[in-house]
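Enquirer: can't give you the sequence, but here's the structure:
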């Protein structure tokens, strides 16, 4: 099969499209013919070496976490899947024509959800949902400040908060304020403006997708006893706010979550913008574009 292979840490140009042996499923695994894989920030963090402490790898290495495709073969102990089933998963090594996924981490694609769109769902769905529920520990009636609310993870987190019955103040760019309000936020502020942050009252929790200097300013806006959930690590000044519970979230697979948000997309309740679709052979160019930021999901077509 063809795959995108990393032989050493470095820039996007280190990603090479080449022939590799076909993977074989174990007894509890499923072999998936990849239709599409989506890019996520963790992909270029692994590629560059920035995430090697958290995700050590051995070279040569195939990147990719999200996959949507068709079941080609099932392991001896697998029940519930058969050849030809359209499926999606949070897996590993998905920048390839074939990948293996654990059956327990694989879900059938909801009827009406296109394979290309399905590829955008798994990682952002579990990340955004778990950020809001496990990180911010959102509860009905609470007010949650959500950073990066119109990013792919942020859109999921906003949807989750509204489902819980929480009220969301969306942290976005100035040009995104109106859109955030149309999606259900009770207010929206430009987090690049210190004046906007200064006028922000105390909130029950923060759900953070951006980190950095902004995070150090926002942790002081959490009520004593409140929660600061983050998918990018704790604020550097967290120790100065001992009354705030900081909860780092590392997303884990959950087939019910992929399915829930896939169904929401089909129903028109949720939109995950796809910026562009590119052939698998152009993964290096795709990562270079994604790493610059400011774009929706980028999909690699196998």
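Expert: Thanks, I have it. No experiment lies behind these values; they were computed from the predicted model shown. Numbers count the residues shown, from 1 in each chain.
Enquirer: show me where the stretch 151-300 of the chain has strands.
Expert: With DSSP state E, counting those that start in this stretch applied, the stretch 151-300 of the chain shows strands at 167-172, 187-190, 203-208, 222-230, 245-248, 274-279, 297-301, listed in chain order.
Enquirer: mind checking the end-to-end distance for stretch 127-136?
Expert: With CA to CA, to the nearest Å as the measure, stretch 127-136 spans 12 Å from end to end.
Enquirer: Run the chain-centre distance for it.
Expert: Remark: stretch 127-136 is offset 11 Å from the chain centroid, using CA atoms, centre = their mean, to the nearest Å.
Enquirer: Could you pull up the mean pLDDT of it?
Expert: For stretch 127-136, mean pLDDT is 98.
Enquirer: okay, the residue of the chain most remote from its centre: pLDDT?
Expert: Taking CA atoms, centre = their mean, the residue of the chain most remote from its mean C-alpha position is residue 76, at 30.9 Å. The per-residue pLDDT reported for residue 76 equals 96.
Enquirer: How far off centre is the helix or strand hosting residue 33?
Expert: Following DSSP states H and E, the helix or strand that holds residue 33 is strand 29-38. Remark: strand 29-38 is offset 17 Å from the chain centroid, using CA atoms, centre = their mean.
Enquirer: That one to strand 274-279, inter-axis angle?
Expert: Relative orientation of strand 29-38 and strand 274-279, computed by axes from the mean of the first three to the mean of the last three CA atoms, to 10 degrees: 120 degrees.
Enquirer: could you point out which element follows strand 29-38?
Expert: By DSSP H and E, the next helix or strand past strand 29-38 is helix 41-48.
Enquirer: Okay, angle between that following helix and strand 29-38 too, please.
Expert: Computed by the same axes, to 10 degrees, the angle separating helix 41-48 from strand 29-38 equals 100 degrees.
Enquirer: For helix 41-48, buried residues please.
Expert: 41, 42, 43, 44, 46, 47, 48 (16 or more other CB atoms under 10 Å). For every residue, glycine as well, the C-beta is placed using N, CA and C.
Enquirer: Apart from its chain neighbours, what residue comes closest to the last one?
Expert: Using CB to CB, 6 or more residues apart in numbering and skipping the chain neighbours, the partner closest in space to residue 48 is residue 9 (6.1 Å).
Enquirer: Can you verify my assumption that the one you found contacts residue 47?
Expert: Yes - at 7.0 Å, residue 9 counts as touching residue 47 under the criterion of CB atoms under 8 Å.
Enquirer: what's the overlap in contacts for those two?
Expert: With CB atoms under 8 Å, 6 or more residues apart in numbering applied, the contact sets of residue 9 and residue 47 do not overlap.
Enquirer: and which of the buried residues of helix 41-48 is nearest residue 179?
Expert: Among those, residue 41 lies closest to residue 179 (CB to CB), at 21.5 Å.
Enquirer: what comes up buried for stretch 18-30?
Expert: Using 16+ other CB under 10 Å as the burial criterion, the residues of stretch 18-30 that qualify are 20, 23, 25, 29, 30.
Enquirer: Isn't the third one up against residue 71?
Expert: In this case it means residue 25. No - Residue 25 is beyond contact range of residue 71, at 9.9 Å (criterion: CB under 8 Å).
Enquirer: Can you check which residues contact both of the two?
Expert: Shared contacts of residue 25 and residue 71 (CB under 8 Å, 6+ apart): residue 31.
Enquirer: still on that earlier bit, between the buried residues of helix 41-48, which is nearest residue 210?
Expert: Of those, the one sitting nearest to residue 210 (CB to CB) turns out to be residue 41, at 10.8 Å.
Enquirer: Could you find the closest non-adjacent residue to the closest one?
Expert: residue 290 (7.6 Å).
Enquirer: Then residue 241?
Expert: Nearest non-adjacent residue to residue 241, counting by CB to CB, 6+ apart: residue 219, 5.1 Å away.
Enquirer: wait, what's in contact with that neighbour?
Expert: 206, 228, 235, 237, 238, 241, 244, 246.
Enquirer: which stretches of the stretch 51-200 of the chain form helices?
Expert: 115-118, 122-130, 152-164, 177-182, 194-198 (DSSP state H, counting those that start in this stretch).
Enquirer: Same list (those helices) but as TSV, adding distance to residue 59 and mean neighbour count.
Expert: Shown next, in TSV, are the helices of the stretch 51-200 of the chain (distance: least, CB to CB, whole Å; neighbours: other CB atoms under 10 Å):
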stretch	distance to residue 59	mean neighbour count
helix 115-118	30	21
helix 122-130	23	27
helix 152-164	28	25
helix 177-182	42	15
helix 194-198	43	12
